Structures are given as structure tokens and as C-alpha cells.
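K.L.:
Using only what follows, build the 3D model:
(one chain, ligands or ions: 3)
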Amino acid sequence: MTPPLPFPPRDSGAHKGDFGRVLLIGGSRGMAGSISLSAIAALHSGSGLVSVAVPDRCLETVASFHPCLMTIPLKDDARGQFCSAAICELTERIGPFDAIGCGPGMTVCEGAMEIVKLLLRQRNCKRVLDADAINCLAKMQWATAPASDAGPLVLTPHGGELQRLTGVNAKDREAQVDAAQSLAAHHGVTIVVKGGPTVVVDGDRRWTNDTGNPGMATGGTGDVLTGTITSLLGQGMTPWDAARLGVWLHGAAGDAAAKRQGQTGMTALDLLQSLAPLTAVFENRAI
Ligand SMILES: NC(=O)C1=CN([C@@H]2O[C@H](COP(=O)(O)OP(=O)(O)OC[C@H]3O[C@@H](n4cnc5c(N)ncnc54)[C@H](O)[C@@H]3O)[C@@H](O)[C@H]2O)[C@@H](O)CC1
Ligand SMILES: Nc1ncnc2c1ncn2[C@@H]1O[C@H](COP(=O)(O)OP(=O)(O)O)[C@@H](O)[C@H]1O
Ligand SMILES: [Mg+2]
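P.N.:
Ligands and ions are numbered 1, 2, ... in the order given. Below you'll find the predicted structure:
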């Protein structure tokens with residue numbers, strides 16, 4: 001079990017700021033768990049500081065999941081989803097973050113669309129777009145937009161999201177990976193084509209993961225991956241490195257959870273709780 005690359009080193013004199021200040025944006029009334037899984041995964045993947053921007057009425061729920069999370073309330077509508085005014089506050093607050101992950105539980109409401117457009121303009125900031133942020137990209141037909149230099153951006157679609165984005169049927173895995181590869185080259189981004197196994201594409205590079213199991217086919221595991229990759233980007237890794245190490249670590253955590261709970265019985269929470277002890281592997285400590 002060898003990771004594709006080493007974990008960022010930890011100098012004895014290090015402080016929180018050395019391991020990145022990251023922001024996760026998402027959630028909605030009824031799906032507060034998704035973005036919380038992403039945020040807690042970022043903590044367990046080594047981030048120094050983790051903030052979560054959520055619709056105002058979800059704030060207390062999300063904050064109650066973990067005392068180490070900082071929370072930012074954004075304007076919401078009667079359904080508990082981001083409204084378009086949410087980007088006024090967000091524009092003020094996104095400056096200091098080393099990496100931003102967006103999409104889990106966000107829905108494709110008007111506010112979500114505005115947030116994704118705002119993030120696409122933040123070319124100097126490292127970003128991960130997942131779940132409903134990808135569904136927003138599909139809605140704005142980003143895949144066929146003129147080629148752009150999107151900056152350090154990682155997309156993490158599952159088969160269904162990739163089908164919405166590219167029109168290529170999720171049943172045709174090979175064609176989906178090829179479509180992701182050309183889309184990644186077109187916009188200069190990294191794309192994690194999730195599944196069993198997950199394939200990461202970036203320009204003409206292609207890497208297939210060798211960890212993970214079907215026990216991970218359970219709600220919330222993709223949300224965990226979003227937080228892990230966002231965290232590694234925030235620790236200074238390139239999109240190509242953060243995507244590969246994040247996918248590998250996430251799959252290895254899935255394997256540890258399956259060993260403990262069984263593939264049928266495991267949940268995304270079990271995978272999340274297997275992340276931290278796994279990092280000990282990288283510190284050459286016996287676990
Ligand atoms: N606890 C929570 O709050 C959770 C919230 N979630 C959020 O729920 C929202 C919807 O995400 P989902 O992935 O559940 O919903 P989707 O409708 O995108 O996909 C549902 C399932 O169907 C599969 N699928 C969809 N289209 C397919 C196709 N054309 N061919 C093959 N398979 C296809 C997907 O792989 C997925 O497993 C996202 O924002 C997500 O983050 C989920 O992550 C689950 C957990
Ligand atoms: N059969 C499988 N083998 C390995 N990994 C899997 C398998 N099925 C799902 N996964 C992984 O589980 C995660 C599911 O992501 P996703 O569908 O976005 O979940 P959610 O949105 O519910 O959090 C992905 O990382 C995917 O690679
Ligand atoms: Mg998902």
C-alpha cells in the first residue's frame with residue numbers, strides 16, 4: 001500500500017498557517033451533512049484552519065458537528081438554499097483562503113449558480129468543484145464554453161455528474177474518461193473521474209487509483225473526498241498531486257473502514273473517521 005507521493009512534511013516549528021486556511025461552501029436545508037463531511041475531512045487531512053460557508057439557517061446544524069470548524073452564514077431563501085445575495089458576503093470573505101471546495105449539498109438554485117460563477121473568476125485561488133457545483137457548470141454549459149485558463153481547479157464528478165456535464169453516458173466508462181481528459185485539456189483543469197477505480201486526468205496525463213472498494217458506494221463518501229483534496233491544495237500541493245494523493249488516501253480510508261465494519265455496513269462517517277489514523281502511515285508511525 002504505497003501512496004503516489006508523500007504527504008506534506010511537518011516541521012517541528014510549524015504553525016496552523018503553514019498547513020493552509022481552507023473554505024468549504026455548500027449545504028442547504030436537508031443536506032447540511034454533506035458539506036460538514038467535506039469540512040471535517042479537511043481537518044482530518046491536515047488543514048490548519050477550516051471554515052464552512054452555508055445558508056444561514058443551516059449554520060447551527062453544521063457548527064454542531066465539530067467544534068474545530070468555523071462557520072460563515074450566507075443569505076438564504078425560504079427553502080434554506082443560497083439566494084443570489086449570498087455572493088455579496090462571500091465576495092468580502094473569500095480573500096484569505098488558500099483553497100476553496102464547493103458544491104456538496106448546495107442544490108442548483110440561483111444563489112448556487114452565482115457562487116459557482118464567482119469561483120470561476122477566482123483564477124488565482126485553488127478550487128475544487130464537486131456535486132451541485134458541477135451540476136451548475138452543466139447548467140451554464142461550461143463544457144462547451146471557449147477554452148480558458150481556468151487556473152488551479154479540480155472537478156470531482158461521479159458518472160451522473162459527468163454525464164450532465166459532457167453528455168457522455170455514465171454507462172460508457174471509457175468514453176467518460178476520454179471526455180473528461182479532453183475537457184481537462186480544454187480548460188486546463190484536473191478532473192477526478194470517480195468510480196471503481198477512480199481515474200485522475202490532467203492535460204495528457206492519466207492516473208488510475210489502486211485503493212477503494214464498493215463499500216464506498218454510500219451517500220457522503222464523495223463529499224469526504226472533496227474536503228480531502230481541498231485540504232491538500234491548501235497545504236501547497238498542485239492540483240495533479242492533491243487529486244492523486246487525495247483519491248489514494250480516500251480509497252485507503254475506505255479500505256480501512258471496510259476492514260473494520262464490512263463493505264455493506266460501512267458509511268461515509270466510518271470512512272471519514274479512518275482518514276486521520278491513515279495519515280500516521282505517512283509519518284512512518286506504526287498504526
Ligand atoms: N448527507 C448529505 O447531506 C448528502 C448529500 N448529498 C448531496 O446530494 C446532492 C445530489 O448528489 P447525488 O450524487 O446523491 O445525486 P445524483 O442525482 O447526482 O446521483 C445519484 C446517484 O445516481 C448515480 N447516477 C446519477 N446519474 C447517473 C447516470 N446517468 N448513470 C449512472 N449513475 C448515475 C450517481 O452515481 C449517484 O450515485 C449533491 O449535492 C450531494 O453532495 C450526497 O452527497 C449524499 C449525502
Ligand atoms: N465500487 C466502488 N469502488 C470504489 N470506489 C467507489 C465505488 N463506488 C463509489 N466509490 C467511490 O465513492 C465516492 C462516491 O462519490 P459520490 O457519488 O459523489 O458520493 P456522495 O455524493 O454521496 O458523497 C467516490 O469517491 C467513488 O470513487
Ligand atoms: Mg457526490
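K.L.:
so what's the closest residue in space to Glu161 that isn't next to it in sequence up against?
P.N.:
Distances taken as CB to CB, 6 or more residues apart in numbering place Ile134 nearest to Glu161, at 4.5 Å, with adjacent residues excluded. To be clear about C-beta, it is placed using only N, CA and C from the backbone, and glycine gets the same treatment. Shown in contact with Ile134 (CB atoms under 8 Å, 6 or more residues apart in numbering): Gly103, Leu155, Thr156, Pro157, Glu161, Leu162, Arg164, Leu165.
K.L.:
one more time with 6 Å, if that's ok
P.N.:
Contact partners of Ile134, counting by CB atoms under 6 Å, 6 or more residues apart in numbering, are Leu155, Pro157, Glu161, Leu165.
K.L.:
and what of Ile115?
P.N.:
Listed by CB under 6 Å, 6+ apart, the contact set of Ile115 reads Ile87.
K.L.:
give me the element it is part of.
P.N.:
Assigned by DSSP states H and E, Ile115 belongs to helix 110-121.
K.L.:
so after that helix, what's the next helix or strand?
P.N.:
Where DSSP H and E defines the elements, the next helix or strand beyond helix 110-121 is strand 126-129.
K.L.:
Could you list the buried residues of the next helix-or-strand element following that following strand?
P.N.:
The helix or strand immediately downstream of strand 126-129 is helix 131-139, counting by DSSP H and E. By 16 or more other CB atoms under 10 Å, the buried positions in helix 131-139 come out as Ala131, Asp132, Ala133, Ile134, Asn135, Cys136, Leu137, Ala138.
K.L.:
any idea how far the third one is from ligand 3?
P.N.:
In other words, Ala133. 10 Å (CB to the ion, to the nearest Å).
K.L.:
so who does that residue touch?
P.N.:
Cys102, Gly103, Val116.
K.L.:
okay, the residues you listed in CSV with pLDDT and distance to ligand 1 next?
P.N.:
As requested, the contacts of Ala133 are arranged in CSV below (pLDDT from 0 to 100; distance: CB to the nearest ligand atom, whole Å):
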residue, pLDDT, distance to ligand 1
Cys102, 99, 10
Gly103, 98, 6
Val116, 98, 12
